[in-house]
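Peer 1: Starting from these lines, generate the structure:
(3 chains)
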Amino acid sequence: MENLEKLLNKEQLEGVLTTEGPVLILAGAGSGKTRVLTHRVAYLIAEKNVNPWNIMAITFTNKAAAEMRERVDRIAGEGSEGVWISTFHSACVRILRRFADRIGYKNSFSIYDSDDSKSLMKQIIKLKNLDPKKYKEKRFLGQISDFKNNLIDCDEAEKYLKGAEGRLTAGIYREYQARLKSNNAMDFDDLIMNAVLLLKSDKEVKAYYNDRLHYIMVDEYQDTNAAQFELIKLLSEKRKNLCVVGDDDQSIYKFRGADITNILSFEEHFPGAKVIKLEQNYRSYTSILNAANAVIKNNRGRKDKSLWSNRGEGEKVRFRQFESSYEEADFIADDIRKREKSLTADYKDFAVLYRTNAQSRTLEEKLMMAGIPYRIVGGINFYQRREIKDILAYLTAIENPDNDVAIRRILNVPKRGIGATTEGKIAEYAAGRSLSFYDGMQLGVENGMFGRSGKKLSDFMSFIDTLRTKLSFHGVVGLVKDIIEDTGYSEELKLEDTDESRARLENLDELINKAALFEHEINEDEETKDLPADEKLSLFLQDVSLMTSADTGDDAENHVTLMTLHAAKGLEFPHVYITGLEDGLFPSQLSINSDDSDEEIEEERRLMYVGITRAMDTLTLTCAKARMVRGQTEYMPVSRFVKEIPAELLDGRVEKTSYSFDERADYKERADFGFKAYVPKENDYGSLAYGGIYGYSGNAKGQKRKPRKKKEDISLLYTKGADMVKSSLDYGVGDRVKHTKFGEGTVTEIKDGGRDYQVTVEFDTAGRKKMFAGFARLEKI
DNA sequence: CTTGCGTTCGTTTTT
DNA sequence: CGAACGCAAG
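Peer 2: Numbers count the residues shown, from 1 in each chain, chains lettered A, B, ... in the order given. You can find the predicted model right below:
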């Protein structure tokens, strides 16, 4: 380990060298915390002669884990693969796969994702004959999640819950857990809670991990909840060499159980803890950090610190106020185009951030019309797409027929004439006999309980059995292919022959690829290559169930990134736009109205801090005086967070904070044309609300609605647009083409723009337009 | 059992 | 405004 001093600043070095005892590294945004963590691992191995096997690093996301793995392998080199680097959830799965039988589960449990949990809860509400209007899954699931995050089991919950409503909730919780267990399944929160339960109740298991794990590191510690805290505490109990890294100012996940006091009270939880502050920022210009510091200092509950940088002053933070969200989006599209044209930046250098997902729509439209390639982060995860979930449900059903959610998902997919009525009958029959759905179906069919549906059901069951037999002959990949073929899924999609069905088919191909890659990997691995096919299938499903969109990303592509402020945490971009800076939107109205408004606003302020500190070179803050929210035009004053930035740091003034009645009326008139009729200054395009991006046409009168779509289906088209790899064009200069929005026109120029063609078209009515072929989807006529 | 239509409801999200 | 969902007609 040469020259650590040269690679690290004083505080970072201290973080690396302080290996013994509890350590809290308060790492400000952009202060190089991953650098410290990876060097720390390398130092432990190389200088302290610690066996890599005795080191563990925990993160929240697969992406962070993969990144850490990569960097540790690079820095620490030989032997580093022994270091246990994983997410909270996959670490717990690994523990539970080994020992779950000691707390009454099978080691081969399925993992329910949030959709599965939702289906399960729906079944319960239905079975309990509750009014679904009054009792929605979300409410119960939210409460149950809160309980689990705080390690409160059914018995304990019962003590907390008083009154009729309370008893109901407790009963639902109990039923939900019972069903999970009989389905041989755990939800995401169970993974953590049950791991803790196991470590607490089984001394042997705890001793096993305590003996193994000499050094534990935790990233993003400010995001941990009570259950995760307990887990870490238990795992590190023997040696107490626990190093946590985090930033209380970036704690933005309270709503999903994160407890900021874990980091604020670390020294009390772990007496004798050493605290190291990393305040030097290597990311941003001083002007940006000054703005960030100015905003965050308004929070009371925080550890005092202040970021600084020696990158120089940089440009002032820009602030721009617009009449409407359309003008705001126009400005951003135009600004990005100018900067990209002037060759000072690539599209990939830009990020546009917003508080709520709904805001992305307007931005998308404008970017698309400006021909700027973009990508939205945080859309639907590959593994949550309908076609993928369907095929995975088949695999799950083959592996674990007790998994009711999987069985019921595929019962009538593809359509085999088994409808809701039959499904309900089976569910009731099974529940009455304490059988799983599948077993209930089997018994019921034998006893002729389901009348005319009996034949269909037995066909279905033998179909599943046939598939199961195929597993041992064809392996995992073969089985995936078989399912896609034998269900008629691929044929159906081929016949449909729309952009959407083609996109779906591509997704299915991608799933086959992932399965092939997985099978290849486990067949290379000495430990797993000789496992029987069904165990390989289990491994595949486990792998996939903890996967998210994060690792589907292809960072190399040159596109602008659109995302929520939450999704931006941990990322950095040369040019950042924070949009919708209006009181009532950001901070959100809910936080302003909340009972503990002070705390909620502080959380929103941290979100603002996260947003500001994403920017490396320039930061632009924008807001609109009037904005459509839920179909209504809202007038909101400039966000208090903008006002917290001293005027001398801003380029652009905060003009007004409220409007007179007349002014409002004026804005209203303009904004109420709203979504449909608003025409920007250039007057050359209307809104795409009538259907461009989603190929989908609202509920406008007289228009025929396209077939029912669910959230998991939408986004296929634009994702495809963004993904569009350059292919040859079927039109050339001089050809007549048709555009969904601009109508017909003549191609006047085609430029090769690297990964896509830039096409110039002289439209008959809309005038001349430049666009990317991949986005424009021009049709030759 | 499937499909069309009206009603309701609405932060942030990883695993 | 738009998505999700429940209900009632094909």
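
Peer 1: Show me which residues of the stretch 201-350 of chain A sit near DNA strand C.
Peer 2: Taking CB under 7 Å from any atom of the strand as the contact definition, the stretch 201-350 of chain A does not meet DNA strand C anywhere. The way it works is simple: take the backbone N, C-alpha and C, and place the C-beta from them, glycine included.

Peer 1: so which residue of the stretch 201-350 of chain A comes closest to DNA strand B?
Peer 2: Ranking the residues of the stretch 201-350 of chain A by distance to DNA strand B (CB to the nearest atom of the strand) places A:F255 first, at 3.5 Å.

Peer 1: So that residue: helix, strand or coil?
Peer 2: The three-state assignment at A:F255 reads helix, by DSSP: H, G, I helix; E, B strand; the rest coil.

Peer 1: since we're on it, how many residues are nearby?
Peer 2: Around A:F255 there are 10 other residues, counting by other CB atoms under 10 Å.

Peer 1: just A:E510 next, same as before
Peer 2: Using other CB under 10 Å, A:E510 has 14 other residues around it.

Peer 1: ok, the residue in the stretch 451-600 of chain A positioned nearest to DNA strand C to A:V218 distance?
Peer 2: Residue nearest to DNA strand C within the stretch 451-600 of chain A: A:E500 (13.9 Å; CB to the nearest atom of the strand). Distance, A:E500 to A:V218, by CB to CB, to the nearest Å: 42 Å.

Peer 1: neighbour-wise, which of the two wins?
Peer 2: Just comparing A:E500 and A:V218: by other CB under 10 Å the higher neighbour count belongs to A:V218, 26 against 21.

Peer 1: The more buried one bridge partners, please.
Peer 2: Beta-bridge partners for A:V218, by DSSP bridges, are A:I58, A:V244.

Peer 1: So it sits against A:F229, correct?
Peer 2: No: between A:V218 and A:F229 there is no contact under CB atoms under 8 Å: 9.6 Å.

Peer 1: Pull up the residues of the stretch 101-250 of chain A that are close to DNA strand B.
Peer 2: Residues of the stretch 101-250 of chain A lying close to DNA strand B (CB under 7 Å from any atom of the strand) are A:113-114, A:133, A:188-189.

Peer 1: ok, 10 Å please
Peer 2: With CB under 10 Å from any atom of the strand as the criterion, the stretch 101-250 of chain A comes near DNA strand B at residues A:111, A:113-115, A:117, A:133-134, A:136, A:138-139, A:141-142, A:145, A:187-192, A:223, A:225.

Peer 1: The stretch 501-650 of chain A too?
Peer 2: Near DNA strand B, when you scan the stretch 501-650 of chain A using CB under 10 Å from any atom of the strand, you find A:545-551, A:563-570, A:585-594, A:600-601, A:603-604, A:607, A:629-632.

Peer 1: Go again with 7 Å.
Peer 2: Contacts of the stretch 501-650 of chain A with DNA strand B, taken as CB under 7 Å from any atom of the strand, map to A:546, A:548-550, A:563-564, A:566-567, A:588, A:590-591, A:594, A:600, A:604, A:630-631.

Peer 1: And those, which two are furthest apart?
Peer 2: Greatest spatial distance in these: A:L546 and A:G631, 37.9 Å, computed using CB to CB.

Peer 1: the more surrounded of the two?
Peer 2: Higher neighbour count among A:L546 and A:G631: A:L546, with 18 against 7, using other CB under 10 Å.

Peer 1: mind listing what the more buried one touches?
Peer 2: A:L546 is in contact with A:62, A:87, A:89-90, A:93, A:111, counting by CB atoms under 8 Å, 6 or more residues apart in numbering.
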